[in-house]
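**Q** prediction below, plus the sequence it came from.
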Amino acid sequence: MMDRFTSIGQAVKHVIDNMPVGTQFHGNELHAMVAMVYPKARDAYVDTVMRKARQYRRECFKCLSYTTSKYERI
């Protein structure tokens, strides 16, 4: 499973695609979920993970609160 992904972007796509619609999460939680499937992402900044999420899956989630970095899978 650890060799399954070769980049943070691939891991982000996998995590978001497998997240049930309606799931609410914070940026830190998404980072933790990505790090579970792609351990090299453990030392990445949360902003890096969120940037990849916006780049590849922007249409799959919406921001509920910018100040608390809370999002919802749609």
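**A** It's in. Numbering: from 1, shown residues only.

**Q** got a list of what the residue nearest the centre of the chain touches?
**A** Nearest to the mean C-alpha position of the chain, counting by C-alpha atoms, centre = their mean, stands Leu30 at 4.1 Å. Shown in contact with Leu30 (C-beta atoms under 8 Å, 6 or more residues apart in numbering): 12, 15-16, 46, 49-50, 53, 71. Yep, even glycine has a C-beta here, placed from its N, CA and C like the rest.

**Q** now it: which helix or strand?
**A** Here Leu30 sits within helix 27-37, counting by DSSP states H and E.

**Q** in that helix, what's buried?
**A** Within helix 27-37, the residues scored as buried using 16 or more other C-beta atoms under 10 Å are 27, 30-35, 37.

**Q** hmm, back to that, mind picking the two most distant members of the contacts of Leu30?
**A** Within the contacts of Leu30, two members stand farthest from each other by C-beta to C-beta: Ile16 and Val46, at 14.8 Å.

**Q** so the two - more neighbours on which side?
**A** Taking other C-beta atoms under 10 Å, Ile16 and Val46 do not tie; Ile16 has more neighbours (21 against 16).

**Q** ranges for the helices of this structure?
**A** 8-17, 27-37, 46-57 (DSSP state H).

**Q** Serialize the ones you listed to TSV and add fields for mean pLDDT.
**A** Output for those, formatted as TSV (pLDDT from 0 to 100):
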stretch	mean pLDDT
helix 8-17	97
helix 27-37	97
helix 46-57	97
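
**Q** not including adjacent chain positions, what is the nearest residue to Glu72?
**A** Nearest non-adjacent residue to Glu72, counting by C-beta to C-beta, 6 or more residues apart in numbering: Gln24, 4.9 Å away.

**Q** what about the one you found, distance to Tyr38?
**A** Shown here: Gln24 relative to Tyr38, a distance of 22 Å by C-beta to C-beta, to the nearest Å.
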